[in-house]
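Asks: Have a look; sequence and predicted model below, questions after that.
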Amino acid sequence: MRSIARLTILLLSLLALAGNAIAQDSAQPSPVEGNALATLLLGQLNSALDGIEREAEAGNELARRIQYDLAIQSLVSLQQLLGIDWAGERLAELLREPDCPDLHLGYSTDRRLLLRIEPLELQNPAFAGQLILLCTLESLDEADITTEERGLLELQLLDGSRRSAELLDSTHLLWEHLRRQADSFSSPDYLLSGHNLVFKQLYSAPAPGRDSISAVSLDWASHHFTVEWLENEVTD
(Lines give C-alpha, C1' and ligand atoms only; values in the text may rest on other atoms or scores of the structure.)
Protein backbone atom coordinates (compact mmCIF):
# COMPACT_ATOMS: atom_id res chain seq x y z
CA MET A 1 0.00 0.00 0.00
CA ARG A 2 1.35 3.43 -0.91
CA SER A 3 1.87 5.50 2.19
CA ILE A 4 -0.16 8.64 2.85
CA ALA A 5 2.60 9.70 5.23
CA ARG A 6 5.13 9.58 2.38
CA LEU A 7 3.00 11.89 0.25
CA THR A 8 2.55 14.22 3.23
CA ILE A 9 6.32 14.55 3.54
CA LEU A 10 6.58 15.13 -0.21
CA LEU A 11 3.88 17.78 0.03
CA LEU A 12 5.86 19.77 2.59
CA SER A 13 8.98 19.52 0.44
CA LEU A 14 7.19 20.37 -2.80
CA LEU A 15 5.45 23.38 -1.32
CA ALA A 16 8.86 24.79 -0.47
CA LEU A 17 10.21 23.95 -3.93
CA ALA A 18 7.19 25.32 -5.77
CA GLY A 19 7.86 28.87 -4.67
CA ASN A 20 11.41 28.65 -6.07
CA ALA A 21 10.46 26.77 -9.24
CA ILE A 22 8.10 29.38 -10.70
CA ALA A 23 9.54 30.98 -13.83
CA GLN A 24 9.44 34.75 -14.15
CA ASP A 25 6.78 35.00 -16.86
CA SER A 26 3.04 35.48 -17.03
CA ALA A 27 2.39 31.87 -18.07
CA GLN A 28 3.47 30.61 -14.65
CA PRO A 29 1.46 30.93 -11.41
CA SER A 30 2.65 33.13 -8.55
CA PRO A 31 4.35 31.41 -5.58
CA VAL A 32 1.10 31.56 -3.59
CA GLU A 33 -0.84 30.11 -6.52
CA GLY A 34 1.88 27.50 -7.00
CA ASN A 35 1.59 26.37 -3.38
CA ALA A 36 -2.18 26.05 -3.69
CA LEU A 37 -1.87 24.18 -6.99
CA ALA A 38 0.73 21.81 -5.52
CA THR A 39 -1.60 21.06 -2.61
CA LEU A 40 -4.50 20.36 -4.98
CA LEU A 41 -2.46 18.20 -7.36
CA LEU A 42 -0.83 16.12 -4.63
CA GLY A 43 -4.21 15.48 -3.06
CA GLN A 44 -5.54 14.43 -6.46
CA LEU A 45 -2.48 12.23 -7.04
CA ASN A 46 -2.82 10.57 -3.64
CA SER A 47 -6.48 9.79 -4.32
CA ALA A 48 -5.71 8.40 -7.78
CA LEU A 49 -2.88 6.13 -6.58
CA ASP A 50 -5.11 4.73 -3.85
CA GLY A 51 -7.87 4.32 -6.44
CA ILE A 52 -5.58 2.30 -8.73
CA GLU A 53 -5.01 -0.26 -5.98
CA ARG A 54 -8.64 -0.21 -4.86
CA GLU A 55 -10.03 -0.84 -8.34
CA ALA A 56 -7.43 -3.56 -8.97
CA GLU A 57 -8.71 -5.43 -5.94
CA ALA A 58 -12.31 -4.88 -7.08
CA GLY A 59 -11.51 -6.06 -10.63
CA ASN A 60 -13.01 -2.93 -12.24
CA GLU A 61 -10.65 -2.29 -15.16
CA LEU A 62 -12.52 0.73 -16.55
CA ALA A 63 -12.54 2.49 -13.18
CA ARG A 64 -8.87 1.62 -12.73
CA ARG A 65 -7.99 3.17 -16.10
CA ILE A 66 -9.75 6.37 -15.02
CA GLN A 67 -7.61 6.46 -11.87
CA TYR A 68 -4.46 5.93 -13.93
CA ASP A 69 -5.54 8.79 -16.20
CA LEU A 70 -6.01 11.07 -13.19
CA ALA A 71 -2.62 10.10 -11.74
CA ILE A 72 -0.84 10.76 -15.05
CA GLN A 73 -2.45 14.17 -15.44
CA SER A 74 -1.57 15.10 -11.84
CA LEU A 75 2.08 14.16 -12.35
CA VAL A 76 2.34 15.95 -15.70
CA SER A 77 0.84 19.08 -14.12
CA LEU A 78 3.25 18.95 -11.18
CA GLN A 79 6.18 18.60 -13.56
CA GLN A 80 5.23 21.05 -16.30
CA LEU A 81 3.34 23.73 -14.34
CA LEU A 82 5.47 23.74 -11.20
CA GLY A 83 8.80 22.40 -12.46
CA ILE A 84 8.95 19.55 -9.93
CA ASP A 85 11.45 16.97 -11.17
CA TRP A 86 10.24 14.24 -8.81
CA ALA A 87 6.92 14.18 -10.66
CA GLY A 88 8.63 13.30 -13.94
CA GLU A 89 10.52 10.45 -12.31
CA ARG A 90 7.33 9.11 -10.71
CA LEU A 91 5.49 9.41 -14.03
CA ALA A 92 8.13 7.26 -15.74
CA GLU A 93 7.69 4.64 -13.00
CA LEU A 94 3.91 4.72 -13.34
CA LEU A 95 3.99 4.24 -17.11
CA ARG A 96 6.16 1.16 -16.67
CA GLU A 97 3.41 -0.57 -14.70
CA PRO A 98 1.97 -3.32 -16.97
CA ASP A 99 -1.64 -2.16 -16.63
CA CYS A 100 -1.01 1.56 -17.09
CA PRO A 101 -2.65 2.95 -20.26
CA ASP A 102 -0.39 4.24 -23.03
CA LEU A 103 -1.20 7.91 -22.47
CA HIS A 104 1.02 10.96 -23.05
CA LEU A 105 0.07 14.47 -21.93
CA GLY A 106 1.57 17.92 -22.27
CA TYR A 107 0.65 21.58 -21.90
CA SER A 108 1.19 24.17 -24.61
CA THR A 109 4.02 26.58 -23.87
CA ASP A 110 1.48 29.29 -23.01
CA ARG A 111 -0.46 26.91 -20.70
CA ARG A 112 -3.71 27.59 -22.56
CA LEU A 113 -4.22 24.12 -24.04
CA LEU A 114 -3.72 20.56 -22.83
CA LEU A 115 -2.77 17.86 -25.34
CA ARG A 116 -3.45 14.16 -24.83
CA ILE A 117 -1.90 11.61 -27.20
CA GLU A 118 -2.99 7.97 -27.27
CA PRO A 119 -1.63 5.43 -29.76
CA LEU A 120 -4.47 3.30 -31.11
CA GLU A 121 -4.15 -0.47 -31.15
CA LEU A 122 -5.76 -1.46 -34.45
CA GLN A 123 -6.28 -5.15 -35.21
CA ASN A 124 -7.15 -4.69 -38.89
CA PRO A 125 -4.14 -5.88 -40.96
CA ALA A 126 -4.87 -3.08 -43.46
CA PHE A 127 -3.33 -0.66 -40.95
CA ALA A 128 -0.25 -2.73 -40.19
CA GLY A 129 2.92 -0.68 -40.24
CA GLN A 130 1.10 2.53 -39.34
CA LEU A 131 1.19 4.45 -36.10
CA ILE A 132 -2.23 6.01 -35.50
CA LEU A 133 -2.28 8.68 -32.80
CA LEU A 134 -5.49 9.98 -31.24
CA CYS A 135 -4.82 13.58 -30.17
CA THR A 136 -7.25 15.42 -27.91
CA LEU A 137 -6.87 19.16 -27.34
CA GLU A 138 -8.61 20.83 -24.43
CA SER A 139 -8.99 24.57 -23.87
CA LEU A 140 -8.04 25.70 -20.36
CA ASP A 141 -8.35 29.43 -20.95
CA GLU A 142 -11.02 32.08 -20.47
CA ALA A 143 -10.06 33.87 -23.69
CA ASP A 144 -11.04 32.90 -27.22
CA ILE A 145 -8.48 30.76 -29.05
CA THR A 146 -8.54 31.26 -32.81
CA THR A 147 -6.70 29.32 -35.49
CA GLU A 148 -6.32 29.61 -39.24
CA GLU A 149 -4.02 26.62 -39.54
CA ARG A 150 -4.24 22.96 -38.63
CA GLY A 151 -1.70 21.17 -36.55
CA LEU A 152 1.63 19.87 -37.78
CA LEU A 153 2.66 16.86 -35.71
CA GLU A 154 6.20 15.46 -35.75
CA LEU A 155 7.76 12.40 -34.16
CA GLN A 156 11.22 13.05 -32.75
CA LEU A 157 13.20 9.80 -32.84
CA LEU A 158 16.02 8.67 -30.59
CA ASP A 159 18.49 8.74 -33.50
CA GLY A 160 17.89 12.50 -33.88
CA SER A 161 15.71 12.27 -36.98
CA ARG A 162 12.16 13.54 -37.34
CA ARG A 163 9.13 12.02 -38.97
CA SER A 164 6.02 14.00 -39.92
CA ALA A 165 2.56 12.63 -39.26
CA GLU A 166 -0.37 13.28 -41.55
CA LEU A 167 -3.73 14.52 -40.30
CA LEU A 168 -6.32 11.88 -41.20
CA ASP A 169 -9.07 12.93 -43.57
CA SER A 170 -11.77 11.28 -45.65
CA THR A 171 -9.19 9.78 -48.05
CA HIS A 172 -7.61 7.58 -45.38
CA LEU A 173 -8.69 3.92 -45.13
CA LEU A 174 -9.51 4.33 -41.45
CA TRP A 175 -12.04 7.07 -42.17
CA GLU A 176 -14.63 4.55 -43.34
CA HIS A 177 -14.68 3.14 -39.80
CA LEU A 178 -15.05 6.63 -38.31
CA ARG A 179 -17.85 7.92 -40.50
CA ARG A 180 -20.39 8.16 -37.68
CA GLN A 181 -17.91 10.07 -35.51
CA ALA A 182 -16.40 12.24 -38.23
CA ASP A 183 -17.74 15.51 -36.82
CA SER A 184 -15.91 14.96 -33.52
CA PHE A 185 -12.58 14.89 -35.39
CA SER A 186 -13.08 18.24 -37.13
CA SER A 187 -10.85 21.00 -35.81
CA PRO A 188 -12.92 24.10 -34.99
CA ASP A 189 -11.94 27.56 -36.25
CA TYR A 190 -11.96 28.91 -32.69
CA LEU A 191 -12.49 27.83 -29.09
CA LEU A 192 -14.94 30.07 -27.22
CA SER A 193 -13.90 31.75 -23.98
CA GLY A 194 -15.36 30.45 -20.76
CA HIS A 195 -15.65 26.86 -21.97
CA ASN A 196 -13.50 23.79 -21.52
CA LEU A 197 -13.90 22.60 -25.09
CA VAL A 198 -12.41 19.36 -26.34
CA PHE A 199 -11.87 18.17 -29.89
CA LYS A 200 -9.98 15.23 -31.33
CA GLN A 201 -7.69 14.71 -34.28
CA LEU A 202 -6.13 11.57 -35.71
CA TYR A 203 -2.63 11.45 -37.14
CA SER A 204 -0.94 8.68 -39.08
CA ALA A 205 2.74 7.99 -39.65
CA PRO A 206 4.78 4.97 -40.72
CA ALA A 207 5.34 3.12 -37.46
CA PRO A 208 8.93 3.70 -36.30
CA GLY A 209 8.67 1.23 -33.43
CA ARG A 210 7.24 2.21 -30.09
CA ASP A 211 10.63 2.28 -28.36
CA SER A 212 12.29 4.57 -30.92
CA ILE A 213 10.30 7.77 -30.18
CA SER A 214 11.80 10.34 -27.82
CA ALA A 215 9.15 13.07 -28.09
CA VAL A 216 6.18 14.28 -30.10
CA SER A 217 5.77 17.92 -31.07
CA LEU A 218 2.64 19.64 -32.30
CA ASP A 219 2.00 23.14 -33.61
CA TRP A 220 -1.67 24.09 -33.59
CA ALA A 221 -2.11 27.70 -34.68
CA SER A 222 0.28 29.70 -32.45
CA HIS A 223 0.31 27.05 -29.74
CA HIS A 224 3.30 24.72 -29.47
CA PHE A 225 3.55 21.44 -27.60
CA THR A 226 6.47 19.13 -26.95
CA VAL A 227 5.45 15.91 -25.22
CA GLU A 228 8.20 13.65 -23.89
CA TRP A 229 7.51 10.08 -25.04
CA LEU A 230 8.13 7.99 -21.95
CA GLU A 231 8.36 4.21 -22.27
CA ASN A 232 5.10 2.39 -21.58
CA GLU A 233 4.67 -1.30 -20.77
CA VAL A 234 1.06 -1.79 -21.85
CA THR A 235 0.18 -5.47 -22.16
CA ASP A 236 -1.76 -6.81 -25.14
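Replies: Arrived safely, thanks for sending.

Asks: C-terminal to the helix or strand of the chain with the lowest mean pLDDT, what's the next element?
Replies: Within the chain, no helix or strand scores below helix 4-21, which has a mean of 40 by mean pLDDT, DSSP states H and E. Using DSSP states H and E, the helix or strand that directly follows helix 4-21 along the chain is helix 31-58.

Asks: Which other helices and strands does that following helix contact?
Replies: Counting by 3 or more C-beta pairs under 8 Å, 6 or more residues apart in numbering; DSSP states H and E, the packing neighbours recorded for helix 31-58 are helix 4-21, helix 61-82. (C-beta placed from N, C-alpha, C; glycine too.)

Asks: For this structure, give me the ranges with low pLDDT.
Replies: For the chain, applying pLDDT under 70 flags the ranges 1-34, 126, 147-151, 169, 178-201, 207, 209-210, 233-236.

Asks: please redo it, this time with the cut-off set to 80
Replies: Within the chain, the stretches with pLDDT under 80 are 1-35, 120-130, 132, 137-152, 166-211, 220-222, 231-236.

Asks: Look at residue 177 and tell me its secondary structure.
Replies: At residue 177 the chain is in helix, as set by DSSP: H, G, I helix; E, B strand; the rest coil.

Asks: For it, the count of nearby residues, please.
Replies: 13 (other C-beta atoms under 10 Å).

Asks: what's the answer for residue 135, then?
Replies: For residue 135, using other C-beta under 10 Å, the count is 24.

Asks: got a list of what residue 67 touches?
Replies: Contacts for residue 67 were tallied using C-beta atoms under 8 Å, 6 or more residues apart in numbering; they are 48-49, 51-52, 54-55.

Asks: how about a cut-off of 7 Å?
Replies: Contacts for residue 67 (C-beta atoms under 7 Å, 6 or more residues apart in numbering) come out as 48, 51-52, 55.
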